[in-house]
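>>> A structural model of the following input is requested.
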Amino acid sequence: MIIGTFSHDERAVLSWNLNEERLTMTDEQGPAMIEAQGLSKYFGDFAAIRDVTFKVHQGEVVAFLGPNGAGKSTTMKLLTGYWAPSAGVARIAGHDMAEDRLAGSAKLGYLPENGPLYADMTPRGLLNFFADARGLSGARKRDRIHAVVEMCSLGSVIGKPIGKLSRGYRQRVGMAQVLLHEPDVLILDEPTAGLDPNQIHDVRETIRILGKSKTILLSTHILQEVEAMASRALFINEGRLVFDGPISQLTKGGRPLDERFRELTVA
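From the prediction side, this is the model:
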């Protein structure tokens, strides 16, 4: 699905090409792990999103792009079951998140842009709390806490109050609790927002490693991250999906990604 500053014929050809590439990619990559089917969310007369439909398949890292206020965070909150849709269905690993949220949540790790972290807790205390909430215990609990502390490089701050940590370390704590129960699906909303270049590099490397075994939907405004980590992009603008296709198609002919972003999101 493509809308932008293309002629009718150009849109038709590009849409056909993208559909062909998506069909090939889908056949190779297995089942859909994230599904939006006709998702809409209304607040009174205001439509935050309308009829948003897409799938993210097992093993894909997909960038979810659009300007501020386009509907990205709303869509993610519907996919995670945080909000109920006004219309349509959101599924995680085949589970309807409005009807079977607990089963879907067991497969899901969700990192909101400003995730809830308890400032008075230490990372150790927070991870213990979330491990208990996830039903982890005994050796399994100890092993998983040790694994995410190592993966997110939290050893040096494990006993410090979260409220005293830098933005970068708080983001690492958030990522650690997301990974604690080894979810198959990750939905990450602006995971590098407010981080310095070294911290951004670390988060990118973590996501790149996770992308080898997880299904990831990643919202970001940093277009360099898209080309570095994702193979496919979804663009949303004014609450509607306006592009769904491979990154290679967006940058075909050497066109910069920021130019394509403007084409798809500026009226």
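
>>> name the helices or strands packed onto the strand or helix carrying Ser73?
Secondary structure assigned from DSSP states H and E places Ser73 in helix 72-79. Packing contacts for helix 72-79, counted by 3 or more CB pairs under 8 Å, 6 or more residues apart in numbering; DSSP states H and E, involve strand 32-43, strand 46-57, strand 61-65, strand 87-92, strand 185-189, strand 215-219. For the C-beta atoms, the positions are set from N, CA and C on the backbone; glycine is no exception.

>>> can I get the ones you listed in CSV with mean pLDDT, distance to Arg172 and mean neighbour count?
Written out in CSV, the entries for the helices and strands packed on helix 72-79 read as follows (pLDDT from 0 to 100; distance: least, CB to CB, whole Å; neighbours: other CB atoms under 10 Å):
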stretch, mean pLDDT, distance to Arg172, mean neighbour count
strand 32-43, 97, 24, 19
strand 46-57, 97, 24, 18
strand 61-65, 95, 19, 25
strand 87-92, 98, 24, 21
strand 185-189, 95, 13, 24
strand 215-219, 95, 17, 25
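
>>> now do the helix holding Ser73 and strand 32-43, the angle between them.
For the pair helix 72-79 and strand 32-43, the angle between their directions (axes from the mean of the first three to the mean of the last three CA atoms, to 10 degrees) equals 110 degrees.

>>> which other residues reach helix 72-79?
Counting contacts by CB atoms under 8 Å, 6 or more residues apart in numbering, the residues outside helix 72-79 that touch it are 34, 36, 39, 41, 48-49, 52, 64-66, 83-85, 88, 90, 92, 97, 110, 112-113, 187, 189, 217, 219, 236, 239.

>>> and if we set it to 7 Å?
When contacts are defined by CB atoms under 7 Å, 6 or more residues apart in numbering, helix 72-79 is touched by residues 34, 36, 39, 41, 48-49, 52, 64, 66, 83, 85, 90, 92, 97, 113, 187, 189, 219, 236.

>>> possible to save the helices and strands packed on helix 72-79 as TSV with distance to Ser153?
Converted to TSV, the helices and strands packed on helix 72-79 look like this (distance: least, CB to CB, whole Å):
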stretch	distance to Ser153
strand 32-43	27
strand 46-57	28
strand 61-65	21
strand 87-92	28
strand 185-189	18
strand 215-219	20
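
>>> which stretch among the ones you listed comes nearest Gly254?
Minimum separation from Gly254 across the helices and strands packed on helix 72-79 (CB to CB) falls at strand 61-65, 19.4 Å.

>>> partner strands of that closest one and their direction?
Paired strands of strand 61-65, with direction, are strand 215-219 (parallel), strand 232-237 (parallel) (DSSP bridges).

>>> run the angle between the first one and strand 87-92 for me.
Relative orientation of strand 215-219 with respect to strand 87-92: 120 degrees, computed using the same axes, to 10 degrees.

>>> and the angle for strand 215-219 with strand 185-189?
Angular relation of strand 215-219 and strand 185-189 on a 0 to 180 degree scale: 10 degrees, by the same axes, to 10 degrees.

>>> cool, and the longest one?
When the same axes, to 10 degrees is applied, the directions of strand 232-237 and strand 185-189 differ by 40 degrees.

>>> past strand 232-237, which element shows up next along the chain?
Counting by DSSP H and E, the next helix or strand C-terminal to strand 232-237 is strand 240-246.

>>> which helices and strands does the next helix or strand after that next one pack with?
Beyond strand 240-246 in the direction of the C-terminus, DSSP H and E gives the next helix or strand as helix 247-250. Secondary-structure packing of helix 247-250 (3 or more CB pairs under 7 Å, 6 or more residues apart in numbering; DSSP states H and E): helix 8-29, strand 232-237.

>>> next, work out how far apart the nearest residue to Lys55 once chain neighbours are set aside and Leu188 are.
With CB to CB, 6 or more residues apart in numbering as the criterion, Lys55 has its nearest non-adjacent residue at 4.1 Å, and that residue is Ala32. For Ala32, the distance to Leu188 equals 18 Å [CB to CB, to the nearest Å].
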